[in-house]
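In: sequence plus the predicted model coming up.
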Amino acid sequence: SFPGGRRDPADGDAVATALRETREELGGAVAATSVWGQLRTLPDRHGMTVAPVVANLGPLEALTLNPNPDEVEEVFTLPLAHLLREENQGYTHFRTASSYGYTLPVFLNGPHKVWGLTAIVTELTLELLVPGRY
């Protein structure tokens with residue numbers, strides 16, 4: 001999943017929360033000027049509201065991350081080209097006890113299957129960054 005967490009009273013807005021959480025979880029400082037914007041808010045499975053923030057972190061090779069082992073087990077990336085290949089895109093259908101429930105995107109064939117809220121945010125980001133290709 002992406003860095004994230006609850007808004008602290010000292011956080012001015014969702015962007016401030018995202019920048020703080022990224023710093024706390026990944027040990028990397030992201031400048032507010034790197035933020036491209038905020039996607040629409042989404043509900044998570046616990047009824048909380050998630051406010052995804054999109055930022056340009058620059059070239060991966062230039063990133064120096066120091067993940068917090070209490071919060072982060074592993075860090076991995078997927079190239080944009082990988083995410084855009086149809087063979088790496090799919091959907092998972094969930095059922096409720098009595099009928100069809102809902103469908104969520106899933107991204108396959110990387111180091112891990114990307115699903116759930118992380119896949120939804122990834123899909124929204126792809127729709128924004130490469131309209132017509134995704």
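Out: Done, it's in. All values reported here derive from a predicted model rather than from experimental measurement.
In: could you pull up phi and psi at the residue of the chain most remote from its centre?
Out: Counting by Cα atoms, centre = their mean, the extreme residue of the chain relative to its mean C-alpha position is Ser98, 31.0 Å from that point. When quoted as degrees, to the nearest 10, the phi and psi of Ser98 stand at phi -110, psi -20.
In: give the bridge partners for Gln89, please.
Out: Beta-bridge pairing of Gln89, defined through DSSP bridges, involves Phe107.
In: from Tyr100, how far out is it?
Out: Computed with Cβ to Cβ, to the nearest Å, the distance linking Gln89 and Tyr100 is 21 Å. Any C-beta I mention is one placed from the backbone N, CA and C, and that applies to glycine too.
In: try Asp44
Out: Distance of Asp44 to Tyr100, given as Cβ to Cβ: 21 Å.
In: higher neighbour count, the two?
Out: Remark: of Asp44 and Tyr100, Asp44 carries more neighbours, 12 against 9, as counted by other Cβ atoms under 10 Å.
In: domain boundaries for this structure, per the record?
Out: For the chain, whose domains are defined here by the TED database, the residue ranges read 1-75, 76-133.
In: export the ones you listed to CSV and tack on mean pLDDT?
Out: Converted to CSV, these look like this (pLDDT from 0 to 100):
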stretch, mean pLDDT
domain 1-75, 93
domain 76-133, 92
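In: quick one: the strands in this structure?
Out: 35-38, 42-43, 49-50, 53-55, 89-95, 100-107 (DSSP state E).
In: ok, and which of these has the densest surroundings?
Out: Counting by mean count of other Cβ atoms under 10 Å, strand 53-55 has the highest mean neighbour count of the strands of the chain, with a mean of 19.
In: that older thread, what's the closest of the strands of the chain to Pro3?
Out: Distances from Pro3 to each of these were compared by Cβ to Cβ, and the smallest falls on strand 53-55, at 9.6 Å.
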